[in-house]
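>>> after the sequence you'll find the predicted model.
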Amino acid sequence: MSDRIKKYQCIKQVHAEPMTFGAFKTSIRRVRDMGQVDPLEPGYHVIYSKGTAEEYHSWSPKAAFEEDYLEIPENAQPVSQGRKVS
């Protein structure tokens, strides 16, 4: 690995809904060949930057998504983004 590679932690808010890979592939976005992903594999349809010019849709396996994201209650105050961690 290169010495230029640094470690980062993600702090972003996304919108998501449970969806199998096959459902995402056929109803949301055509996906280039992702190898041997089972169409019935559970996961999440993830929407980044919803409602903006930068909006894009992705799919994440269930375990990876649930490890990285926590559901935000509707009345929760937003967390400030872009702060450096010391």
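Good, I have the coordinates.
>>> secondary structure class of the residue of the chain most remote from its centre, three-state.
Here the chain reaches farthest from its C-alpha mean at Asp3, the gap being 27.2 Å by C-alpha atoms, centre = their mean. Following DSSP: H, G, I helix; E, B strand; the rest coil, Asp3 is assigned to coil.
>>> endpoint to endpoint, stretch 39-50 covers what distance?
The first residue of stretch 39-50 is 25 Å away from its last residue (C-alpha to C-alpha, to the nearest Å).
>>> packing partners for the lowest-mean-pLDDT helix or strand in the chain?
Least confident helix or strand of the chain, by mean pLDDT, DSSP states H and E, is helix 21-27 with a mean of 89. The contact analysis (3 or more C-beta pairs under 8 Å, 6 or more residues apart in numbering; DSSP states H and E) places helix 21-27 against strand 43-48, strand 56-61. To be clear about C-beta, it is placed using only N, CA and C from the backbone, and glycine gets the same treatment.
>>> hang on, Val46 packs against Ser58?
Yes: applying C-beta atoms under 8 Å, one finds Val46 in contact with Ser58, separated by 4.8 Å.
>>> of these two, which one has the most company?
More neighbours surround Val46 than the other of Val46 and Ser58, with 19 against 16 (other C-beta atoms under 10 Å).
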